[in-house]
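1. need a structure here:
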Amino acid sequence: MNKANIHNQPLSPTSRKEAKEDFVISAKNLTKNFGSFTAVDHISFEVEKGEIFGFLGANGAGKTTAMRMLCGLLKPTSGEATVAGFDVFKEQEKIKKNIGYMSQKFSLYENLTVKENIEFYGGVYGLTMEEIRPRMRALLQRLDFVEVRNKLVKSLPLGWKQKLAFSSAIFHEPQIVFLDEPTSGVDPVTRRQFWDLIYDAAERGITVFVTTHYMDEAEYCNRISLMVDGRIEALDTPKNLKTEHNAESMDEVFYALARKAKREE
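-> Numbers count the residues shown, from 1 in each chain. As a prediction, this is how the structure comes out:
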């Protein structure tokens, strides 16, 4: 069985019961208002250690606002949530130190070398040079980047940049990595290679929280939540969601739920 099939399997009832005390993200009635506008409307969900959790929604659904709250970048209006065991209201700085983050722009400094980018991100996440050096050597070997370590990032192919950006985001071995549309604009082959990196991270126990507009990628997640107008409209495994909505693909599920939206993008 290939990795995609392995990670697309729902957790067994026994595994899910055992994981109840091992949630790395827990939200209850999490809400964010901007004046009279409710961007995120009382969402509740939990994410387990090592899970690949897809966080989907059309533009304007509220998923980016929700992610910013979970990353400690935006204070909620009300509700409760913990990330990596830390409170999103009171311990935002601790959250930032225990997560990784990668945006669709890959978050790299193109005028720095590969080596300099790795050293920079290691420092940002609080690692000492004594900790960075052996980890960097291992990373360069794992990515087969030893010969390009002194090249400027801007000279690398897109797929290589993507691998480096993701590896930098988890260089400090965080409990959770947040990926905000990380494969936007790249070709299907590069996207599939990137998901191999995600599987490897999950197998090492890193929880992956990912947003994407590619519904074929949604199929690779353990579970998916789909937001509509600031609320979680559905949350289950891809297989169960397709069965529930009598759909052959996650594209069909997405369109069935997203058409309920009343907000304008």
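
2. From Gly54, how far out is Gly72?
-> Gly72 sits 21 Å away from Gly54, going by C-beta to C-beta, to the nearest Å. C-beta here means a position set from N, CA and C on the backbone, and glycine is covered the same way.

3. so how far does stretch 241-250 reach from one end to the other?
-> 8 Å (C-alpha to C-alpha, to the nearest Å).

4. Just give me how far that stretch sits from the chain centre.
-> Offset of stretch 241-250 from its chain centre (C-alpha atoms, centre = their mean, to the nearest Å): 23 Å.

5. Also stretch 66-85?
-> Taking mean C-alpha positions (C-alpha atoms, centre = their mean), stretch 66-85 and its chain are 14 Å apart.

6. what about the helices in the stretch 51-200 of the chain?
-> For the stretch 51-200 of the chain, applying DSSP state H, counting those that start in this stretch gives helices covering 63-70, 92-97, 114-124, 129-143, 158-169, 188-203.

7. between Gly72 and Gly54, which one's more packed in?
-> Gly54 (25 against 22; other C-beta atoms under 10 Å).

8. just checking, that one touches Thr212?
-> Yes. Using C-beta atoms under 8 Å, Gly54 is in contact with Thr212, at 6.8 Å.

9. what do these two both touch?
-> Ala218 (C-beta atoms under 8 Å, 6 or more residues apart in numbering).

10. pretty sure Thr82 contacts Glu46?
-> No. In terms of C-beta under 8 Å, Thr82 does not count as a neighbour of Glu46; the distance is 9.8 Å.

11. Need the residues touching each of those two.
-> With C-beta under 8 Å, 6+ apart, Thr82 and Glu46 have common neighbours Phe23, Ile25, Ser26.

12. Which one of these is nearest to Ala169?
-> Ile25 (16.6 Å; C-beta to C-beta).

13. Tell me how many other residues surround that closest one.
-> The number of residues near Ile25, taken as other C-beta under 10 Å, comes to 23.

14. Could you find the closest non-adjacent residue to it?
-> Using C-beta to C-beta, 6 or more residues apart in numbering and skipping residues adjacent in sequence, the residue nearest Ile25 is Val47, 3.9 Å away.

15. I'd like the distance between that neighbour and Val148.
-> 35 Å.

16. got the angle between the strand or helix carrying the residue nearest to Ile25 and helix 63-70?
-> Here Val47, judged by DSSP states H and E, is contained in strand 37-48. Put simply, strand 37-48 runs at 60 degrees to helix 63-70, going by axes from the mean of the first three to the mean of the last three C-alpha atoms, to 10 degrees.

17. quick one, what contacts the closest residue to Ile132 other than its chain neighbours?
-> In space, Ile132 comes closest to Gly122 once its chain neighbours are excluded; the distance is 4.0 Å by C-beta to C-beta, 6+ apart. Gly122 makes contact with Glu131, Ile132, Arg135, Met136, Phe171, His172, according to C-beta under 8 Å, 6+ apart.

18. any idea how far the residue lying closest to Ala258 once chain neighbours are set aside is from Val228?
-> Once flanking residues are discounted, Ala258 sits nearest to Ala58: 4.8 Å by C-beta to C-beta, 6+ apart. According to C-beta to C-beta, Ala58 and Val228 sit 8 Å apart.

19. got it, and Val148?
-> Taking C-beta to C-beta as the measure, Val148 falls 44 Å from Val228.

20. Those two: which has the busier surroundings?
-> Val228 (21 against 18).

21. Would you confirm that that one contacts Tyr255?
-> No. With contact defined as C-beta under 8 Å, Val228 does not count as touching Tyr255 (11.6 Å).

22. Below-threshold pLDDT in the protein: ranges please.
-> Applying pLDDT under 70 to the chain flags residues 1-21, 105-106, 264-265.

23. Try it again at 80.
-> Scanning the chain with the threshold set as pLDDT under 80 gives 1-22, 104-107, 184-186, 260-265.
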